[in-house]
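K.L.:
Provided below are the primary sequence and the corresponding predicted coordinates.
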Amino acid sequence: MTTALAGGLDQIVVVVAAVVWAAAAGFAFAAFRPPHDPRFHLAALALSAGAVVVSGVRVVLTARLMQAGWWFVAEKVLLALPLLLVPMVYALTTTVPALLRRDRDPKKAYPLILTAIGAIIGVACDVIVSYPVTVSSALVVMLVGGGAAALAWRLVAGGGGDRWRIAGFAVALTGVVWAVSGSFSGTPMHAGHDTATGGVSVASLRGPADPDARRYTLTAKSSSLTVGGRTVQTWSFNGQNPGPTLRVRQGETLEVTLRNELPGDQGVTIHWHGYDLPAGEDGVPGVTQDAVKPGGEHVYRFRADDPGTYWYHSHQNSSVAVAKGLFGLLIVEPAEGDHTVAVHTYGNVKTLSFDDRPPTDRQVTAVIPPGSPVRLRIADTDSTPVTLGLSGVDFRLRSVDARDVAGATTLRDRRIKLAAGGRYDLAFTMPDGPVMLSVDGHPGLALNGQTAPATGEPLDVTRYGTLPDLREDFDQEIVWVLDKTFAMVDGVPRLAHTVNGKGYPNIPTPVVREGERVKITIVNRSGDLHPMHPHGHHVEVLSRDGRPANGMLVDTFDVEPGEVWVVALTADNPGLWMSHCHDLAHAVQGMEFHVAYEGVTTPYDIGGPAGNHPA
Ligand SMILES: [Cu+2]
């Protein structure tokens with residue numbers, strides 16, 4: 001059983017346990033009261049037996065999850081299971097014998113009611129407690145449970161005036177208030193503002209001015225696009241969807257002037273996705289710059305020393321802006337004979353755009369002379385992964401996220417899953433026959449005629465190429481546990497995508513020193529796929545789910561439900577960096593945070609007059 005399946009089953013079993021224990025407790029309470037209907041005794045006994053079985057399943061599932069790591073079970077082992085199993089033993093040794101003896105004392109139902117409360121608390125734990133279990137979250141659970149237990153005693157014992165009721169409500173209410181105020185708050189995001197004395201401002205970490213720079217101007221504006229027979233209102237750079245492909249030769253300086261002609265108050269920035277550039281050029285509003293308002297302008301400059309396939313997109317309200325079309329590809333080239341492929345969903349229409357042709361949901365055809373080298377530079381600009389396939393030719397996955405894969409072996413008829421925001425370069429020599437690039441199993445790009453989409457085994461990219469011995473020495477270790485729980489996001493309580501139990505901007509900011517090698521363990525406790533994207537750095541993949549990886553360098557990687565990834569970050573690019581899920585809806589729903597370098601500050605504010613909104 002996979003970790004993801006065990007986690008999913010546990011989410012169902014915890015609810016079933018609560019329902020069955022509550023029903024058992026209800027029938028027991030009824031059985032101990034007039035008219036002492038024997039059918040109630042039977043029902044209570046049968047439901048208790050069933051509930052014990054369900055609780056046993058929960059213990060087995062927790063044991064299975066514990067094999068995947070403590071991160072997956074901490075709150076179950078520390079809170080949910082003790083609060084279920086201890087009263088369960090109490091009930092099995094008191095209430096159950098009383099039911100068998102047909103006792104007539106309602107107080108005898110109390111242990112079973114406590115068990116039901118424990119089972120219901122298990123559901124609450126699932127929804128509000130993540131990893132790590134904090135003292136405040138544990139207290140919330142204990143207070144709510146204690147309040148419910150007091151009220152239940154008032155119910156079974158009868159009499160006693162209102163004091164028990166008031167005490168129970170008071171205790172439970174304290175728990176709820178604590179939940180809202182205490183456990184959901186956390187360290188505010190702006191580490192940079194806390195260390196504002198001295199240090200380096202991110203605003204000074206800029207690229208060089210260069211009279212010979214390769215210059216582009218990108219103007220954000222409203223546009224429209226007809227695709228799949230529908231007209232979609234889009235935002236564009238220079239009226240093009242996708243935005244123009246920016247090409248620069250390795251070693252040149254790129255200078256891009258961003259202008260904003262969007263309507264209303266829509267700010268815009270450009271984030272150079274995957275390019276490890278100076279922090280002040282990173283295009284994150286509220287962290288590295290203010291959002292560029294309509295009528296405004298901002299110039300980005302950086303030396304393009306790292307060849308490869310990148311893309312650029314607005315980082316202001318990015319879940320909306322990118323979906324509407326504020327993106328394009330950036331190619332830093334030594335390569336000849338290359339072609340770009342951008343996958344993007346406009347409205348509800350999934351499209352492919354080949355080179356700078358307009359996007360289409362139909363198959364794209366092109367003719368390439370047999371014998372010529374081909375490099376398809378493919379970017380997934382959506383918020384969900386895409387499964388690519390290449391058939392009709394032997395090919396290599398030459399690079400992932402603009403970094404060459406060591407020892408890239410020949411592949412044929414294979415499928416490869418590409419993370420949201422990620423890039424693959426597929427390289428081959430054009431054969432005499434046709435070649436097909438498929439997208440999610442459908443014909444996407446047909447070169448020199450038709451052939452069937454690839455149906456072969458999916459490739460595990462983390463095990464592709466050579467598997468070297470990877471360095472295991474670290475200066476610092478960080479753990480990010482991804483989950484879906486109730487948390488504060490932007491000051492509002494909601495069901496959130498959380499990191500270590502918190503949502504934006506309360507996720508603690510790790511602080512690194514320049515030169516450190518940092519081990520980052522990313523654990524996905526949730527049922528959702530999270531394409532994680534650290535800015536300003538490529539991280540080295542050390543292992544995936546305990547299996548040693550090839551050490552490939554990535555800037556966007558899919559952490560599947562139940563998976564544990566271990567990556568290494570070399571702190572070689574001082575700044576204040578965003579790190580977030582590139583399912584941009586997840587970022588808005590809490591999953592974004594910072595990595596700060598010691599001594600780096602920012603003069604910019606999230607919110608503020610510029611309306612900066614990095615997600
Ligand atoms: Cu996500």
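P.N.:
Received the coordinates, thanks.
K.L.:
How about the residues of the chain by the ion?
P.N.:
530, 581, 583, 586 (CB under 5 Å from the ion). (C-beta placed from N, C-alpha, C; glycine too.)
K.L.:
One more pass at 8 Å, please.
P.N.:
Contact residues, the chain versus the ion (CB under 8 Å from the ion): 482, 497, 528-532, 581-583, 585-587, 591.
K.L.:
Quick one: the strands in the stretch 51-200 of the chain, in order.
P.N.:
200-201 (DSSP state E, counting those that start in this stretch).
K.L.:
Let me know the average pLDDT across the helix or strand containing L329.
P.N.:
In the assignment (DSSP states H and E), L329 maps to strand 327-333. The pLDDT scores in strand 327-333 average 94.
K.L.:
Residues contacting that strand, please?
P.N.:
Residues from elsewhere that reach strand 327-333 (CB atoms under 8 Å, 6 or more residues apart in numbering): 218, 237, 240, 242-250, 254, 272, 275, 304, 306-314, 338, 340, 342, 344, 377, 379, 381, 402.
K.L.:
could you point out which element follows it?
P.N.:
With secondary structure assigned by DSSP H and E, strand 327-333 is succeeded by strand 338-346.
K.L.:
Could you check the angle that following strand makes with strand 327-333?
P.N.:
For strand 338-346 against strand 327-333, the angle between stretch directions is 160 degrees (axes from the mean of the first three to the mean of the last three CA atoms, to 10 degrees).
K.L.:
residues contacting the residue lying closest to A91 once chain neighbours are set aside?
P.N.:
Nearest non-adjacent residue to A91, counting by CB to CB, 6 or more residues apart in numbering: P111, 3.9 Å away. With contacts defined as CB under 8 Å, 6+ apart, P111 is in contact with 87, 90-91, 94-95.
K.L.:
Narrow those to those in helices?
P.N.:
Within these, residues falling in helices by DSSP state H are 87, 90-91, 95.
K.L.:
where in the stretch 251-400 of the chain is pLDDT low?
P.N.:
335-337 (pLDDT under 70).
K.L.:
where exactly do the helices run in it?
P.N.:
Chain-ordered helices for the stretch 251-400 of the chain, with DSSP state H, counting those that start in this stretch as the definition, fall at 318-324.
K.L.:
residue in it nearest to the ion?
P.N.:
Closest contact between the stretch 251-400 of the chain and the ion, by CB to the ion, is at S383 (8.4 Å).
K.L.:
For the closest residue to that residue other than its chain neighbours, the count of nearby residues, please.
P.N.:
Closest residue to S383 in three dimensions, ignoring its sequence neighbours and counting by CB to CB, 6+ apart: D583, at 4.5 Å. Here the count is done by other CB atoms under 10 Å, and D583 has 26 residues near it.
K.L.:
How about the one 5 residues further on?
P.N.:
Close neighbours of V588, defined as other CB under 10 Å, add up to 22.
K.L.:
Local confidence estimate at it?
P.N.:
On pLDDT, V588 comes in at 92.
K.L.:
Next: L246.
P.N.:
Predicted confidence (pLDDT) for L246: 95.
K.L.:
okay, now it: neighbour count?
P.N.:
Applying the criterion other CB under 10 Å, we find 21 residues in the vicinity of L246.
K.L.:
ok, now which ones touch G465?
P.N.:
Taking CB under 8 Å, 6+ apart as the criterion, G465 is in contact with 405-409, 550, 552.
K.L.:
which non-adjacent residue is nearest D473?
P.N.:
Distances taken as CB to CB, 6+ apart place R517 nearest to D473, at 6.8 Å, with adjacent residues excluded.
K.L.:
what's the spacing between the spatially closest residue to G286 that is not a sequence neighbour and the ion?
P.N.:
In this structure, G286 finds its nearest non-sequential neighbour in N612, 3.2 Å apart by CB to CB, 6+ apart. For N612, the distance to the ion under the criterion CB to the ion, to the nearest Å works out to 22 Å.
K.L.:
For N612, list each beta-bridge partner.
P.N.:
For N612, the beta-bridge assignment (DSSP bridges) gives partners G607.
K.L.:
Now tell me what touches stretch 28-35 from outside.
P.N.:
Here stretch 28-35 makes contact (CB under 8 Å, 6+ apart) with 37, 40-41, 43-44, 48, 95, 98-99, 103-109, 112-113, 155-156.
K.L.:
I figured H315 hits V287, correct?
P.N.:
No. H315 is not in contact with V287 according to CB atoms under 8 Å; the separation is 9.0 Å.
K.L.:
Show me the common contact partners of those two, please.
P.N.:
Shared contacts of H315 and V287 (CB under 8 Å, 6+ apart): 578, 614.
K.L.:
of these two, who's got more company?
P.N.:
When H315 and V287 are compared for neighbours, H315 comes out ahead with 34 against 28, by other CB under 10 Å.
K.L.:
which non-adjacent residue is nearest the more buried one?
P.N.:
Nearest residue to H315 in three dimensions, chain neighbours excluded: H271, at 4.0 Å (CB to CB, 6+ apart).
K.L.:
quick revisit: looking at it, the residue of the stretch 251-400 of the chain closest to the ion is touching S319, isn't it?
P.N.:
Yes. Counting by CB under 8 Å, S383 touches S319, with 7.4 Å between them.
K.L.:
Between those two, which contacts overlap?
P.N.:
When contacts are counted by CB under 8 Å, 6+ apart, S383 and S319 have 584-585 as shared neighbours.
K.L.:
Of those two, which one has the most company?
P.N.:
Neighbour comparison, S383 and S319: the larger count goes to S383, with 20 against 17 (by other CB under 10 Å).
K.L.:
what residues are up against the more buried one?
P.N.:
With contact taken as CB under 8 Å, 6+ apart, S383 is in contact with 319, 322-323, 420, 582-586.
K.L.:
Let me see the mean pLDDT of stretch 30-44.
P.N.:
The average pLDDT within stretch 30-44 is 90.
K.L.:
Restrict that stretch to CA atoms and write it as PDB.
P.N.:
As requested, the backbone C-alpha atoms of stretch 30-44 are provided in PDB (Å, rounded to 0.1, in the frame of the first residue of the first chain):
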ATOM      1  CA  ALA A  30     -30.600   5.100  25.600                       C
ATOM      2  CA  ALA A  31     -30.200   1.500  26.800                       C
ATOM      3  CA  PHE A  32     -29.400   2.600  30.400                       C
ATOM      4  CA  ARG A  33     -32.500   4.800  30.600                       C
ATOM      5  CA  PRO A  34     -36.200   3.800  30.800                       C
ATOM      6  CA  PRO A  35     -37.700   1.900  29.100                       C
ATOM      7  CA  HIS A  36     -34.400  -0.100  28.900                       C
ATOM      8  CA  ASP A  37     -35.300  -1.400  25.500                       C
ATOM      9  CA  PRO A  38     -33.100  -4.600  25.000                       C
ATOM     10  CA  ARG A  39     -32.700  -3.800  21.300                       C
ATOM     11  CA  PHE A  40     -30.700  -0.700  22.400                       C
ATOM     12  CA  HIS A  41     -28.400  -2.900  24.500                       C
ATOM     13  CA  LEU A  42     -27.800  -5.100  21.400                       C
ATOM     14  CA  ALA A  43     -27.300  -2.200  19.100                       C
ATOM     15  CA  ALA A  44     -24.800  -0.600  21.500                       C
END
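K.L.:
for the stretch 501-615 of the chain, what spans make up the helices?
P.N.:
Counting by DSSP H, counting those that start in this stretch, the stretch 501-615 of the chain has helices at residues 584-588.
K.L.:
That one: strands as residue ranges?
P.N.:
In the stretch 501-615 of the chain, the segments counted as strands under DSSP E, counting those that start in this stretch are 511-512, 517-524, 530-534, 539-544, 547-548, 553-554, 557-559, 564-570, 576-581, 592-597, 600-601.
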